[in-house]
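Asks: Predicted structure and sequence below. I'll ask about it afterward.
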Amino acid sequence: MATSLSPPRARRMWVNRAATVAMAAGAVIALIPLVGVIVYTVGKGLSVIDWSFLSTTLRGVGPLDTNGGIYHAIVGTIEQVLIASIIAVPLGILAAVYTVEYGRGTLAAAVRFFIDVMTGIPSIVAGLFIFSFWVLALHQGFSGFAAGMSLAVLMLPVVARASEEMLKLVPDELREASYALGVPKWRTILSVVLPVASAGITTGVILAVARVTGETAPLLLTAFGFDSVNYNPLHGPQSALPLFVYQQATSAFKVAVDRAWGAALVLILFVVVLSVVARLLTRRNRLA
């Protein structure tokens, strides 16, 4: 009997090893483009980045000048992402709280459906919506605030979905214990549910920020771009790192393309830092 079982066992072991090798090869192949992009960007952009590049703007810089930097784009990115976060984070968390804690009927199903739909909309559609509504219909013009609103449209469903999943992980026993003490539902949510889910929600918010930071299409229609720093996001065009990369990369001059590589490297580093922070928060949440 032992001899008759050996061939099937050997076959299973061979299939298992072949599957392991195939999956490992697939993972390596999937990593090749990502590693290639990072290595190539570092090679192209590292020689451009210095303190002058990070602390100056393009104001007064000619097409063949080798000076000029991305300070105005960094300021624009920070302000626009902050505006998007101020709009999207509270709304996303409120939507998640409603769907998990209160929503049981048609409205909750509709909210979930629209969140799923918004998750998949192209970024250019979000930019076109804000452009049509804010820039054209309300005659507010291009601005960092318009760019922030377009990013908020993209950020909102990500925050809502991540928050919903984290709220679902909160044990019902904690809610029931709070109710047994006579605590009303709204205070239970504020004092028990949200604090327990806060680490996971924070991770989702950081990942949402990392996602919208690199968006270019909405900014073309809302921020428009500017060669000098604009600290006022409510008035006038404003630059941003992804918009700067696009505008410099489409230039016919090598010095501009070099600036684009430097800005692209800074943008990648910014997103990597956010991703690492999100991963650390996730690990801390698991250990807790």
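Replies: Received the coordinates, thanks. Quick caveat: nothing in here was measured; it's all calculated off a predicted structure.
Asks: Report the buried residues of the helix or strand hosting V209.
Replies: Using DSSP states H and E, V209 falls within helix 194-213. Neighbour counts over helix 194-213 (16 or more other CB atoms under 10 Å) mark 194, 196-197, 199-213 as buried. C-beta: built from backbone N, CA, C; applies to glycine.
Asks: pLDDT of stretch 263-281, averaged?
Replies: Averaged over stretch 263-281, pLDDT sits at 89.
Asks: what's next to it, contact-wise?
Replies: 38, 41-42, 44-46, 48-49, 54, 70, 73-74, 77, 199, 202-203, 206-207, 209-210, 213-214, 241-242, 244-245, 248 (CB atoms under 8 Å, 6 or more residues apart in numbering).
Asks: so who does P157 touch?
Replies: 92, 115-116, 118-119.
Asks: got the buried residues for the helix or strand hosting it?
Replies: Assessed by DSSP H and E, P157 sits inside helix 144-168. For helix 144-168, burial by neighbour count (16+ other CB under 10 Å) applies to 144-164, 166-167.
Asks: Determine the set of other helices and strands touching the helix holding V209.
Replies: Applying 3 or more CB pairs under 8 Å, 6 or more residues apart in numbering; DSSP states H and E, one finds that helix 194-213 contacts helix 71-97, helix 144-168, helix 254-287.
Asks: so how far is it off the chain centroid?
Replies: 10 Å (CA atoms, centre = their mean, to the nearest Å).
Asks: What mean pLDDT does it get?
Replies: Here the average pLDDT along helix 194-213 is 90.
Asks: How about stretch 142-155?
Replies: Here the average pLDDT along stretch 142-155 is 96.
Asks: between the helix holding P157 and helix 194-213, how big is the angle?
Replies: Orientation check (axes from the mean of the first three to the mean of the last three CA atoms, to 10 degrees): helix 144-168 against helix 194-213 gives 140 degrees.
Asks: For the helix or strand following helix 144-168, name the packing helices and strands.
Replies: Remark: after helix 144-168, the chain's next helix or strand is helix 172-180, criterion DSSP H and E. The contact analysis (3+ CB pairs under 8 Å, 6+ apart) places helix 172-180 against helix 185-188.
Asks: Now for G43, how many residues are close by?
Replies: For G43, the neighbour count with other CB atoms under 10 Å is 11.
Asks: Does it lie in a helix or a strand, and which?
Replies: If you go by DSSP H and E, G43 is part of helix 2-45.
Asks: for that helix, the distance to its chain's centre please.
Replies: Distance, centroid of helix 2-45 to centroid of chain: 29 Å (CA atoms, centre = their mean).
Asks: Mind checking the pLDDT average for it?
Replies: According to the model, helix 2-45 has a mean pLDDT of 85.
Asks: tell me what that helix is packed against?
Replies: Taking 3+ CB pairs under 8 Å, 6+ apart as the contact cut, helix 2-45 packs with helix 254-287.
Asks: dump the residue contacts of L241.
Replies: Counting by CB under 8 Å, 6+ apart, L241 has contacts 70, 73-74, 76-77, 213, 263, 266-267, 270.
Asks: Stretch 51-65: end-to-end distance?
Replies: 17 Å (CA to CA, to the nearest Å).
Asks: buried residues in it?
Replies: Buried residues in stretch 51-65, defined by neighbour count with 16+ other CB under 10 Å: 53, 56-58, 61.
Asks: Also stretch 247-264?
Replies: Neighbour counts over stretch 247-264 (16+ other CB under 10 Å) mark 247-248, 255-256, 258-264 as buried.
Asks: Could you export it as PDB, CA atoms only?
Replies: The C-alpha coordinates for stretch 247-264 follow below in PDB (Å, rounded to 0.1, in the frame of the first residue of the first chain):
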ATOM      1  CA  GLN A 247       4.500  70.800 -17.500                       C
ATOM      2  CA  GLN A 248       8.300  70.400 -17.300                       C
ATOM      3  CA  ALA A 249       8.400  67.000 -18.900                       C
ATOM      4  CA  THR A 250       6.500  68.200 -22.000                       C
ATOM      5  CA  SER A 251       9.000  71.000 -22.600                       C
ATOM      6  CA  ALA A 252      11.400  70.800 -25.500                       C
ATOM      7  CA  PHE A 253      14.400  71.800 -23.400                       C
ATOM      8  CA  LYS A 254      16.600  69.300 -21.500                       C
ATOM      9  CA  VAL A 255      17.000  71.500 -18.400                       C
ATOM     10  CA  ALA A 256      13.200  71.500 -18.000                       C
ATOM     11  CA  VAL A 257      13.000  67.700 -18.300                       C
ATOM     12  CA  ASP A 258      15.800  67.400 -15.700                       C
ATOM     13  CA  ARG A 259      13.700  69.500 -13.300                       C
ATOM     14  CA  ALA A 260      10.800  67.100 -14.000                       C
ATOM     15  CA  TRP A 261      12.900  64.100 -13.000                       C
ATOM     16  CA  GLY A 262      13.900  65.900  -9.800                       C
ATOM     17  CA  ALA A 263      10.300  66.800  -8.900                       C
ATOM     18  CA  ALA A 264       9.300  63.200  -9.700                       C
END
